[in-house]
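# Provided below for reference: sequence and predicted model.
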Amino acid sequence: MVDHGTPNVFLSGGSRSLITDEDRLHYLPDLSVDKVKVLCGNRYEHFEASSETTRVDDRELRVFVWTQRTYVAE
């Protein structure tokens, strides 16, 4: 996954073996979105916004919850 700024969301759920703890801290330029899909190799991990927040390293992060995985078409 590519990080373009200071993490402002936490990606919750999905497979622990496919999404590393480091990749769960993610930056979104627009926090008003309801859904996000993150490219991870040959697949997309899909997450939906929740009303929850969590604190990581003294930062309040919006929580997005895993919903599904899809694969990149060849």
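Arrived safely.
# which secondary structure elements does the helix or strand harbouring residue 64 contact?
Applying DSSP states H and E as the criterion places residue 64 in strand 59-71. For strand 59-71, the elements it packs on are strand 9-12, strand 35-40, strand 43-56, judged by 3 or more CB pairs under 8 Å, 6 or more residues apart in numbering; DSSP states H and E. C-betas here are computed from N, CA, C, even on glycine.
# what pairs with the residue nearest the centre of the chain across the strands?
Nearest to the geometric centre of the chain sits residue 11, at 3.5 Å (CA atoms, centre = their mean). With DSSP bridges applied, residue 11 shows beta-bridge pairing to residue 64.
# Distance check, it against residue 18.
According to CB to CB, to the nearest Å, residue 11 stands 12 Å off from residue 18.
# Need the residues touching each of these two.
Counting by CB atoms under 8 Å, 6 or more residues apart in numbering, the common neighbours of residue 11 and residue 18 are residue 45.
# For stretch 59-67, output the C-alpha coordinates as CSV.
What follows is the C-alpha trace of stretch 59-67 in CSV, where atoms were taken according to Å, rounded to 0.1, in the frame of the first residue of the first chain:
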residue,chain,number,x,y,z
ARG,A,59,-3.8,10.8,17.1
GLU,A,60,-7.5,10.3,16.7
LEU,A,61,-8.1,8.2,13.6
ARG,A,62,-11.4,7.5,11.9
VAL,A,63,-12.1,3.7,11.7
PHE,A,64,-13.0,2.0,8.4
VAL,A,65,-14.2,-1.6,8.6
TRP,A,66,-13.3,-4.3,6.1
THR,A,67,-16.2,-5.5,4.0
